[in-house]
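S.K.: Fold the following for me, if possible:
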Amino acid sequence: MEILNTRVAPEWVDYNGHMNDAEYARVFSLAVEALMEHIGLDAEGRARHGYTLYTLETHLCYRREAHEGEPLSVALTLLDRDAKRLHVFFALNDAEGNLLATSEQMLMGMNQESGRPDAFPAPVAEAITALPQAETGAWPELAGRTIAIRR
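M.R.: Numbering: from 1, shown residues only. From the prediction side, this is the model:
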C-alpha cells in the first residue's frame, strides 16, 4: 500500500550530489507519520485517545541514489503486530519503480498520560487490521536482515 508521496528537496542533497543518508531516514519518518494518520492517530486522534506511536528500532537499507527534485513513493507492508506493537516494512521507490531504500521498523503504542506502552485503542486496532499484511513466510526479500560481515 502506498503510504507517502514526496520529492527530494534541495536541502536533502549532500556534497556527493545525491540525497544524504540521513534524509532517507527523514522520508521513512514521514511515512510513519502518514501511517499514524491512516490509522487514526493524526493530531486529533492522538489528543482524543491520549495515545501515540514511538519508534523502538529501525533497520535502513540503501539500494540506489536519489537526486534533487526526484519523485519518491513509500509503500507499507505490515509484517507482524500484537496488542501494542507494529512490525512494519517500508519500501522507498522512484518514479520508475526502482527500489531506492527500505526501512524495517518496530513501533510501540504509547499511552501519553502514563508514558508507558499500552494496547491500541479499539478504533486504531480496527484500522490496523485493514493494512496490507505479509503472509507468514512471504516477507519482502530485504525484511528480517541482520548486519554482519558475511564470511
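S.K.: If you count neighbours, what's buried in the longest helix seen in the chain?
M.R.: With DSSP state H setting the assignment, residue counts place helix 21-38 as the longest helix in the chain. For helix 21-38, burial by neighbour count (16 or more other Cβ atoms under 10 Å) applies to 23-24, 27-28, 31-32, 34-36, 38. No exception for glycine: its C-beta is placed from N, CA and C like everyone else's.
S.K.: what's the closest of the residues you listed to Ala119?
M.R.: Met36 (16.2 Å; Cβ to Cβ).
S.K.: Now do the closest one against Asp82, distance only.
M.R.: According to Cβ to Cβ, to the nearest Å, Met36 and Asp82 sit 18 Å apart.
S.K.: Tell me the buried residues in stretch 143-151?
M.R.: So for stretch 143-151, counting by 16+ other Cβ under 10 Å, buried means Ala143.
S.K.: where does the chain have low pLDDT?
M.R.: Counting by pLDDT under 70, not a single residue of the chain qualifies.
S.K.: what ranges do the strands span in it?
M.R.: 2-7, 51-62, 71-81, 85-94, 99-111, 116-117 (DSSP state E).
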